[in-house]
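Colleague: Sequence unavailable; structure follows:
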């Protein structure tokens, strides 16, 4: 009962069910837990872990209940979209409104974030066991989970933006968790500043949207910004360059999403973010936060799609597609030539995020989101497997110095290979195959251009290739590291096993034979797809994956090269290899252009500050000094003179009076006597007739 | 019966003697004695005016005199106490040497 009262307190206009009413608890619990942990002292490890895992566990239960609610509604034939909105600040005639929404999209994301997050929390207790700042780590992790869940449930673009920035903040804090390493501190700054570039555009988009529609809410009984009324008005506004306001706002929001999701050209921060602890890489920079950008596009999809003429093509979605497809190939190419186990996975993440964006751009919400969900599971699995490798081999991250871990770390090996096959999209039994296939299928039917399809197929080939390279280096051949590698503790391998199960099983929700996931997200009943050419496509993509795996095995398989020996590809194509290993010199390009420009500008500002503004300030100071000296002269000679004279007079007067006070009692008595005599005389005189 | 003027004359003489004593003696105790004389001359006046006044049967002057004597006794006690305290402090009763209250 109290829960429902709570809802009434916030929202007079809601018609939401009880589960939607308590939806706010899902992000609130981890945030409160984080606040409590922040107050703990360092040794209170157990309490911190209990609190953060417990709060996220309860969030997961609520999320599952919410998902069940949406699912039962869908099975009954209703597309569930329940909102709870309330006014936060009112100024003049407009108001800042916040709220949350429960629909298939948010329900799916909630369950995914809570579940993957919970597994990574559990894994972290093992991974971070020896870190002295264990409680701080869990404080940040909880804050991150809460903020991410806040992004997911937001029904207000402002609330989404606030949680979005909180997520960015925790990302910064966690990348720089080992802040005593200069590289970690630099990576944290880089991540924060690069995503900020996108966020500026995002904020502009929000302001524009608010100015045009007068509401911050997505859905609000017909008056929200994503509902037909507002979209129709946005389509009538022209923003120049042949864009409608809807298209322009969509592009601005996409810029924010590109920053967060590491799309070209703002991808540079994501590989560097691997400086953070590995669970952080798994949770934030693979499974959830970087997917927030994709989720954002999925959330504002009606806006992106507004005004589509044929086949759902709009300017903004075309841009999304091209950026996504280029990112997918570009990052996959770089991943081929990296040697850090986590960096390979980071570039792979960038590449897969490109797939998701392309999927959103060409196929719609369900296609992109399906890949997002499956990717979250197998990429978290891969990162946690990489963490297990790093943990077991005494902090060795260079794949050239690893090897032979197949025998030494059997559980990690098996789960890692499952994750790797899922990522490559190995046919039929792995979730990655189905989700990638859905994207390829959408690309094949895209009416604008064929190029994205070929780019994505090429990306799939490269993915299979670089993952084979990584696995051969790490798990096959002879162990080349130092010390004795050992399997990780059970608390770390258990989450790996659970994730491995889902990396396989999740494919079942999206196979073309029974595509209920797509129907669920798009809000209509499930129907079996029987596209012509579907099997041909599946065969093609399977073939591509197998070629990639085979090529990788031929080049790298079971070779056990010396750590210092050049890479097999490097021998054959040194020029190409150099370009790839240096990440297409993008960092250097930014260093030579944008950063150089800012450095120059900073020097100009410094010069201005020192010479011009500093000189002006000095001149003013000098003037005031002069004025003060003049004042001092006046004070000493005019004001003080008069005052001193007055004081002297008073002092002299006091001295005169004091001399009467002789201290001799008889003198007083004499005066008294004289006075009496005088009095008698006066009386005598005056009484004379 | 002695006329009123005689009493007044004696009282005036006593007052003058007391005043002179209080003004010229150096010894603090002598000053106190002078003051007592002055007080008693005033008492003498009270009695004389009462006896020769319009209501000699009303005991008014007597009451004044008794009160005055009581006040004088208290004054003497306080005065002597002060003299002793000052003596303890300065080892002298010479009143013109005690001038620490000089301004």
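Modeller: Looks like it came in fine. Here the structure is a predicted model, which means the values were calculated and not measured. Numbers count the residues shown, from 1 in each chain, chains lettered A, B, ... in the order given.

Colleague: Tell me the residues of chain A that contact chain B?
Modeller: A:657-666, A:669-670, A:673 (C-beta under 8 Å from any C-beta of the partner chain). Every C-beta, even on glycine, is put in place using the N, C-alpha and C of the backbone.

Colleague: With neighbour count as extra columns, can I get the residues you listed in TSV?
Modeller: Below are the residues of chain A next to chain B laid out as TSV (neighbours: other C-beta atoms under 10 Å in any protein chain shown):
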residue	neighbour count
A:657	10
A:658	11
A:659	9
A:660	10
A:661	13
A:662	15
A:663	13
A:664	16
A:665	16
A:666	18
A:669	17
A:670	15
A:673	15
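
Colleague: Most widely separated two among these?
Modeller: A:658 and A:673 (23.1 Å; C-beta to C-beta).

Colleague: before we move on, back to that, return the closest of the residues of chain A next to chain B with respect to residue A:416.
Modeller: Using C-beta to C-beta, the residues of chain A next to chain B come closest to residue A:416 at residue A:658, 102.8 Å.

Colleague: Show the average pLDDT along the strand or helix carrying that closest one.
Modeller: Per DSSP states H and E, residue A:658 falls inside helix A:640-660. The pLDDT scores in helix A:640-660 average 88.

Colleague: Touching, residue B:35 and residue B:22? I think so.
Modeller: Yes - using C-beta atoms under 8 Å, residue B:35 is in contact with residue B:22, at 5.4 Å.

Colleague: Tell me how many other residues surround the closest residue to residue A:564 other than its chain neighbours.
Modeller: Spatially, and ignoring its direct neighbours in sequence, residue A:564 is nearest to residue A:400 (7.9 Å; C-beta to C-beta, 6 or more residues apart in numbering or on different chains). The local packing of residue A:400 (other C-beta atoms under 10 Å in any protein chain shown) involves 18 other residues.

Colleague: Same question for the one 10 residues further on.
Modeller: As a burial measure, the neighbour count of residue A:410 was computed by other C-beta under 10 Å and equals 13.

Colleague: give me every residue that touches it.
Modeller: By C-beta atoms under 8 Å, 6 or more residues apart in numbering or on different chains, the contact list for residue A:410 reads residue A:487.

Colleague: Ok, residue A:160 next?
Modeller: Applying C-beta under 8 Å, 6+ apart, the residues near residue A:160 are A:150, A:151, A:154, A:296, A:299.

Colleague: Can you say which helix or strand has the closest residue to chain B within the stretch 401-550 of chain A in it?
Modeller: Distances between the stretch 401-550 of chain A and chain B by C-beta to the nearest C-beta are smallest at residue A:491, namely 90.6 Å. Taking DSSP H and E as the criterion, residue A:491 maps to helix A:490-505.

Colleague: Quick check on residue A:82: phi, psi?
Modeller: phi -110, psi 140 (degrees, to the nearest 10).

Colleague: The closest residue to residue A:399 other than its chain neighbours - how many residues pack around it?
Modeller: Nearest residue to residue A:399, sequence neighbours excluded (C-beta to C-beta, 6+ apart): residue A:473, at 4.0 Å. Neighbourhood size, residue A:473 [other C-beta under 10 Å]: 25.

Colleague: pretty sure residue A:473 contacts residue A:405?
Modeller: No - between residue A:473 and residue A:405 there is no contact under C-beta under 8 Å: 9.9 Å.

Colleague: so what sits against both of the two?
Modeller: Contacts common to residue A:473 and residue A:405, judged by C-beta under 8 Å, 6+ apart, are absent.

Colleague: For chain B, which residues are neighbours of chain A?
Modeller: B:19, B:22, B:23, B:31, B:95, B:96, B:98, B:99, B:100, B:101, B:102, B:103.

Colleague: which one of those residues is nearest residue A:286?
Modeller: Residue A:286 has its nearest neighbour among the residues of chain B next to chain A in residue B:103, at 93.7 Å by C-beta to C-beta.

Colleague: Model confidence for the residue of the stretch 401-550 of chain A closest to chain B, exactly?
Modeller: Value for residue A:491, per-residue pLDDT: 83.

Colleague: residue ranges for the helices of the stretch 251-400 of chain A, please.
Modeller: Here the stretch 251-400 of chain A has its helices, by DSSP state H, counting those that start in this stretch, at A:269-272, A:278-282, A:289-299, A:301-305, A:315-336, A:341-363, A:365-392.

Colleague: can you put the contacts of residue A:160 in JSON lines and add pLDDT?
Modeller: Formatted as JSON lines, the contacts of residue A:160 follow (pLDDT from 0 to 100):
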{"residue": "A:150", "pLDDT": "93"}
{"residue": "A:151", "pLDDT": "93"}
{"residue": "A:154", "pLDDT": "91"}
{"residue": "A:296", "pLDDT": "92"}
{"residue": "A:299", "pLDDT": "90"}
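
Colleague: Which single one of the residues you listed is nearest to residue A:375?
Modeller: residue A:296 (16.1 Å).

Colleague: Three-state assignment for residue A:86, please.
Modeller: strand (DSSP: H, G, I helix; E, B strand; the rest coil).

Colleague: what's across from it in the sheet?
Modeller: residue A:98 (DSSP bridges).

Colleague: That one reaches residue A:99, doesn't it?
Modeller: Yes - in this structure, residue A:86 is within contact of residue A:99 by C-beta under 8 Å, at 6.2 Å.

Colleague: of these two, who's got more company?
Modeller: More crowded of residue A:86 and residue A:99, by other C-beta under 10 Å: residue A:99, with 26 against 17.

Colleague: could you list every residue that touches that one?
Modeller: Applying C-beta under 8 Å, 6+ apart, the residues contacting residue A:99 are A:11, A:83, A:84, A:85, A:86, A:154, A:155, A:156, A:159, A:217, A:220.

Colleague: you'd agree the second one is in a helix?
Modeller: By that I understand residue A:83. No - Residue A:83: not assigned to a helix; according to three-state DSSP it is strand.

Colleague: what packs against the strand or helix carrying residue A:205?
Modeller: Per DSSP H and E, residue A:205 falls inside helix A:182-213. The contact analysis (3 or more C-beta pairs under 8 Å, 6 or more residues apart in numbering or on different chains; DSSP states H and E) places helix A:182-213 against helix A:157-175, helix A:228-236, helix A:245-260, helix A:269-272.

Colleague: what's the angle between whatever helix or strand residue A:474 lives in and helix A:365-392?
Modeller: Element membership of residue A:474, judged by DSSP H and E, is helix A:451-475. Interaxial angle of helix A:451-475 relative to helix A:365-392 (axes from the mean of the first three to the mean of the last three C-alpha atoms, to 10 degrees): 20 degrees.

Colleague: Could you tell me how many residues sit around residue A:95?
Modeller: For residue A:95, the neighbour count with other C-beta under 10 Å is 14.

Colleague: which regions of chain B sit below the pLDDT cut-off?
Modeller: B:1, B:103 (pLDDT under 70).
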